[in-house]
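Colleague: Curious how this folds, go ahead:
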Amino acid sequence: MLSDLDNSPCELQKTILGNMSKINIHSITWCKAVIAICFMISTHVSAWSQNGHRIVGKIAENHLTEQTKQAIKPLLGGDKLAEVTTWADEMRSNPEEFWRYESGKWHYINMSSASEFKPHTYQPAANKKGVTDIYSGIITASAKLVDKNTSLEDKQFYFRFLTHLVGDLHQPMHVGRKEDRGGNRIDVEYFGHESNLHKVWDELLIEGKKLSYTEYVEFIDIDDQKIIGDYLNSEPKDWVIESFEIAQNLYNVGNGKFKYAYVYEQTPVINKRLLQGGIRLAGLLNKLFDKSAKIQVNAIGKLENNKQ
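Modeller: The predicted model follows:
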């Protein structure tokens, strides 16, 4: 996600679209090419790769209670959970104003220090236009999903976005610095090819495994209740700080030439974040949709703050 691009595919695209009447016929082909590139950029930089989000979604599906599985069927609309996790990125190509110019800020939060994040100041937004960042998006979507006044259509919107945002929040560079756009301006080489720090973590480390999302899940998913309980002993505000702290380490890129040593060092980190994202997405959904779900067993939360 390019943090300070906010929500537009790119400023050049907006300029061109706003001045098409002034462009002569010989420039149209060039303009179309530029617009196409901008659309490609806007969808490419949003979040985990499609595989990354599907990994999170499939792990979550594996850890849902039966009650939750039944409750979310109308929200899935016939799709699988792993499928809908990529919806919020795919919709960035929708020409509607919200998707073009407003939805981008849902995918990230910029922080220079952990003290800047003040979760106690957040409240669920009244509507989708009121969301200010990824944490705001998660608490807003969660509130809308349990609000009996929310229409089914709106619940489907918030559900699909929520499954995506939990994955995004576990990608450390989505809690990066504003000045480098979450690592997008940190140039590196990945096995000799020009890239940037954000892309390495969004895509390259995962895709380099040459695994389908189902194969990846088979390799990293767990049934160890002690570890699962540890991951569930958290709330979305904790996930923000976790990713921020990991991102600070990732900014130390050394000479910026990433090869096998970097992959070896970071694979355990990215696998843990994918696993945590999946288990916590399941825990959040279980908490929202299954009143019998237990904290630190199959629902997120901290026991000291609850009477369960």
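
Colleague: Do a quick rundown of the helices in the stretch 1-150 of the chain.
Modeller: With DSSP state H, counting those that start in this stretch as the criterion, the stretch 1-150 of the chain has helices at 11-18, 28-44, 50-62, 66-71, 73-76, 81-84, 87-90, 97, 134-145.

Colleague: just the strands in the stretch 151-300 of the chain please.
Modeller: For the stretch 151-300 of the chain, the strands defined by DSSP state E, counting those that start in this stretch occupy 187-190, 193-196, 257-258.

Colleague: Tell me the predicted confidence for the spatially closest residue to residue 180 that is not a sequence neighbour.
Modeller: Nearest non-adjacent residue to residue 180, counting by Cβ to Cβ, 6 or more residues apart in numbering: residue 186, 5.4 Å away. Yep, even glycine has a C-beta here, placed from its N, CA and C like the rest. pLDDT for residue 186: 98.

Colleague: Might one say that residue 186 is in contact with residue 198?
Modeller: Yes. With contact defined as Cβ atoms under 8 Å, residue 186 reaches residue 198; the gap is 7.4 Å.

Colleague: So those two - more neighbours on which side?
Modeller: residue 198 (28 against 21; other Cβ atoms under 10 Å).

Colleague: what's the spacing between the more buried one and residue 204?
Modeller: Relative to residue 204, residue 198 is positioned 10 Å away (Cβ to Cβ, to the nearest Å).

Colleague: what's the closest of the strands of the stretch 151-300 of the chain to residue 168?
Modeller: strand 193-196 (17.2 Å; Cβ to Cβ).

Colleague: Between the two ends of stretch 82-90, how far is it?
Modeller: 14 Å (Cα to Cα, to the nearest Å).

Colleague: Touching stretch 228-244 from outside, list them.
Modeller: 63, 109, 111, 114, 117, 119, 134-135, 138-139, 166, 169-172, 174-175, 222, 273, 275-276, 279-280, 283-284, 295-303 (Cβ atoms under 8 Å, 6 or more residues apart in numbering).

Colleague: Show me just the buried residues among these.
Modeller: 63, 109, 111, 117, 134-135, 138-139, 166, 169-172, 174-175, 273, 275-276, 279-280, 283-284, 295-296, 298-301 (16 or more other Cβ atoms under 10 Å).
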